[in-house]
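**Q** Here is the input, now give the coordinates:
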Amino acid sequence: MGRSAKTREMHLLQGTLPQGTPDKVSYVKGGKPKFPAHLSKAARAELKRCCAILAERGTLTSGDYSLLAVYGTVWERWVQCKQQIGDELMVTTQVTDNNGNLRTVSRLNPLLKIIAQCETRMLSLLKELGITPATRDKVRPTQAHEESNVPEEGTVSWIIAQHLAEKKRIDHDNSLPA
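**A** Residues are numbered from 1 along each chain as shown. Below you'll find the predicted structure:
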């Protein structure tokens, strides 16, 4: 069994460079989508939460507009149904039998079907966005904007840039006449 890969922090502490291949970056430029005007405050809050997660991971694009809007709408419907159901999983109704007599019958709350549909749809939308644990590593990060060409301090890119700059300085010092 092989040795596990060093973390970024271990490379930084030991002054070594990672030999693994870096994650491929998507050709799509990153950006923030505009929020649809028709969404409620609750749906907007959920969209902001999702956008924050995607932005932190570097996978948020302006093209996620429709997918996030549908997710916000489904999420709001799911919350409304859950609030309306409360603790009433069973509903009692009166029905007439074949003889015309009224009977009281307990049935599952019909909103449970809507909740189940919303949960299924939300899960598939979250998978598309790469927010679920199973799909978060499958989504490639987007290209950074032009302004952010300097790597952030402490990242693998920054370590490599520092190492290359040091190597270039040493090579330049060695090429000078003594």
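**Q** can you give me the strands in this protein?
**A** According to DSSP state E, the chain carries its strands in the segments 90-96, 102-108.
**Q** any idea which of those scores lowest on pLDDT?
**A** For the strands of the chain, mean pLDDT drops lowest on strand 90-96, to a mean of 84.
**Q** which regions of the chain sit below the pLDDT cut-off?
**A** The chain contains residues with pLDDT under 70 at 1-2, 20-24, 145-152, 172, 175-178.
**Q** Domain boundaries for it, per the record?
**A** Domain assignment for the chain, taken from automatic domain parsing, gives 28-146, 148-178.
**Q** of all those, which gets the most neighbours per residue?
**A** Mean neighbours per residue, mean count of other C-beta atoms under 10 Å, is largest over the domains of the chain for domain 28-146, with a mean of 14. In short, each C-beta sits where N, CA and C put it, glycine included.
**Q** still on that earlier bit, among the strands of the chain, which is nearest residue 50?
**A** Closest of the strands of the chain to residue 50 is strand 102-108, at 30.8 Å (criterion: C-beta to C-beta).
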